[in-house]
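Chemist: Next come a sequence and a model predicted from it.
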Amino acid sequence: MHSDTCNNSKNSRRDGHGHAPRGLASSLAGLDQGTQSSNTVPSTSIQDGSCLILRAAIDSLYLTFRGELTDSSAIKLTKLKEMAQSPITSTSALAQFDVKDHLFELSGNGRHPFAFILSDGWFRIELAKQGAKHTPMAYCRIASELLTTRVVDDVVRELSSVIGEIGVLSEVPNVSRADLCVDFVTTYPIDQIQIPEFVTKARTFAQHTDDRQFSGFSIAPGGTISARLYNKNLELKKNPRPYIQELWRQKGWDGVSTVWRMEFQYRRDVLRDLGVVSYFDLSQSLAGLWRYSVHDWLRHTVPSLSDKTQSRWPLSSLWQALQGVSWTGFEHLERVNFERSRTPSDRTLFINGLSPLTSFMAREGYLHAEEAFPAFLQAAQDFHNGSSERTGVDFKNYVSNKVSEKRRFYNTGKNKPLNGGIHPADKAVADEYRKQSDGDY
């Protein structure tokens, strides 16, 4: 047990499934008076010697849009999906959807109940086929990096503009899932926390390790509301995100201390229980969602030897700090540029990408890259040209096909038909309009 004192907390208000009680929606609005719709950060950092709040934000956001694909979009998407499934690279490389300055890769497969999937560095958009009655027109995931580096209102406005170009919208965007997170540094011994110290009606808990080092807890994974408390530094070792660390430094991180993340995930059912349906509802309810999560749904306490009633146990100093995080208002931080494309990093190109060259050098006895590279290029040309009778692809065409594939995947440039003519998807749209105008139906 931890030696810690604080004020007593109120009894939790939850049903037997960990859901919010019906009628709580009205109280959420009152908690959020003055909240501005943005990816919020704490208006003041909490720094009491034991806990420094570095960031509070929407970390994940999934939106749905109701409406109907336009005729031209439906025709074009159908043709592009057919092309994406082609085994011929020059054809599949043309499966790109250009809209509102976004150049999306179109997948050759859908994901039930959605027929089409568009992806770039900002958005993943799943679209229902025209005429679908019980499915939203679009189900969209916004990249976490984008939510970190932009004001969320602006991001949602951009996404709405894109979806509105693809189809005719009948409603404002609704929230299917949202994650709120708080990053912090603390002297509290989180690795010594015992699961029974948490007060919650969540039925499942898990404690995690990474390379035999304690990494955190997950609470009610897969539920309509779930939570994670984990060592963010360990995650960033595997998936570096320098822009997050820069935001931390702006808030006082020393670049060395362990940064922990408290994260809550809310799915559609619990959001609706709390009166959060549209994105506008969410933007006005951030403080209320956080309060419900850390006051009513989950608390960390200090066990009392004199009181066996867990709901009366005092809060730990860690939880007092998390309860005190401000979600009202927002600050404009120095924003880093985040491209719509999904280009590989310099690390990927110049560390992983040099592996074939260094392997060639080791095999052939080269010690200097400037000497080895021309020989490597010549060997590659000889290999592909020598096998072209069998494969039908010489070195020049092999490289051209690979570049076209990667331009499509990385969203860096729109590929053109080899014959220089009209794009097959555009031709399909034009042919459909011609048939309708000529009365061929």
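Modeler: That came in fine, so what should we check first?

Chemist: contacts, neighbours, all on C-alpha from now
Modeler: OK.

Chemist: Give the residue spans of the stretch 151-300 of the chain that score low on pLDDT.
Modeler: Applying pLDDT under 70 to the stretch 151-300 of the chain flags no residue at all.

Chemist: quick one: the strands in it?
Modeler: 167-169, 174-186, 198-199, 205-210, 213-219, 225-231, 260-267, 299-300 (DSSP state E, counting those that start in this stretch).

Chemist: Format the ones you listed as CSV; extra columns: mean neighbour count and distance to D98.
Modeler: Listed next are these as CSV, based on neighbours: other Cα atoms under 10 Å; distance: least, Cα to Cα, whole Å:
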stretch, mean neighbour count, distance to D98
strand 167-169, 18, 14
strand 174-186, 21, 24
strand 198-199, 20, 49
strand 205-210, 13, 42
strand 213-219, 18, 40
strand 225-231, 23, 36
strand 260-267, 22, 31
strand 299-300, 24, 47
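
Chemist: With distance to G386 added, can I get those strands in CSV?
Modeler: Below are these laid out as CSV (distance: least, Cα to Cα, whole Å):
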stretch, distance to G386
strand 167-169, 49
strand 174-186, 53
strand 198-199, 67
strand 205-210, 48
strand 213-219, 52
strand 225-231, 52
strand 260-267, 55
strand 299-300, 68
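
Chemist: which residues touch the closest residue to R228 other than its chain neighbours?
Modeler: Distance criterion Cα to Cα, 6 or more residues apart in numbering; nearest residue to R228, sequence neighbours excluded, is S218 at 4.4 Å. Each residue near S218 by Cα atoms under 8 Å, 6 or more residues apart in numbering is listed here: 205-208, 226-229.

Chemist: ok, of the residues you listed, which one's closest to F409?
Modeler: R228 (32.0 Å; Cα to Cα).

Chemist: Touching, that closest one and M262? I think so.
Modeler: Yes - with contact defined as Cα atoms under 8 Å, R228 counts as touching M262 (5.9 Å).

Chemist: Run through the strands of the stretch 1-150 of the chain in chain order.
Modeler: Using DSSP E, counting those that start in this stretch, the strands found in the stretch 1-150 of the chain span residues 51-65, 67-69, 96-99, 102-106, 116-119, 123-127, 138-142.

Chemist: any idea how far P173 is from A321?
Modeler: Using Cα to Cα, to the nearest Å, P173 is found at 33 Å from A321.

Chemist: Those two: which has the busier surroundings?
Modeler: Neighbours were counted for P173 and for A321 using other Cα atoms under 10 Å; P173 has more, 24 against 19.

Chemist: Give me the nearest residue to that one, chain neighbours excluded.
Modeler: Nearest residue to P173, sequence neighbours excluded (Cα to Cα, 6+ apart): F65, at 5.0 Å.

Chemist: From the chain's centroid, how far away is stretch 417-436?
Modeler: Stretch 417-436 sits 35 Å away from the centroid of its parent chain (Cα atoms, centre = their mean, to the nearest Å).

Chemist: Show me what counts as buried in that stretch.
Modeler: 423-425, 428-429 (16 or more other Cα atoms under 10 Å).

Chemist: now swap in stretch 120-128 and tell me
Modeler: Neighbour-count burial for stretch 120-128 [16+ other Cα under 10 Å]: 120-128.

Chemist: Quick check: the farthest pair among those?
Modeler: G121 and A128 (21.1 Å).

Chemist: can you list contacts of the longest helix that the chain contains?
Modeler: Looking across the chain with DSSP state H, the single longest helix is helix 369-386. By Cα under 8 Å, 6+ apart, the residues outside helix 369-386 that reach it are 357, 360-361, 366, 393-395, 398.

Chemist: Name only those of those that count as buried.
Modeler: Buried among the contacts of helix 369-386 by 16+ other Cα under 10 Å: 357, 360-361, 366, 393-395, 398.

Chemist: The nearest residue in space to V294 that is not next to it in sequence - how many residues pack around it?
Modeler: For V294, ignoring the flanking residues on the chain, the nearest one in space by Cα to Cα, 6+ apart is Q323 at 6.0 Å. For Q323, the count of nearby residues is 17 (other Cα under 10 Å).

Chemist: still on that earlier bit, quick one: closest of the strands of the stretch 151-300 of the chain to S161.
Modeler: Of the strands of the stretch 151-300 of the chain, nearest to S161 by Cα to Cα is strand 167-169, at 10.1 Å.

Chemist: Pull up the pairing partners for that closest one, direction included.
Modeler: Strand 167-169 has its sheet partners listed here by DSSP bridges as strand 67-69 (antiparallel).
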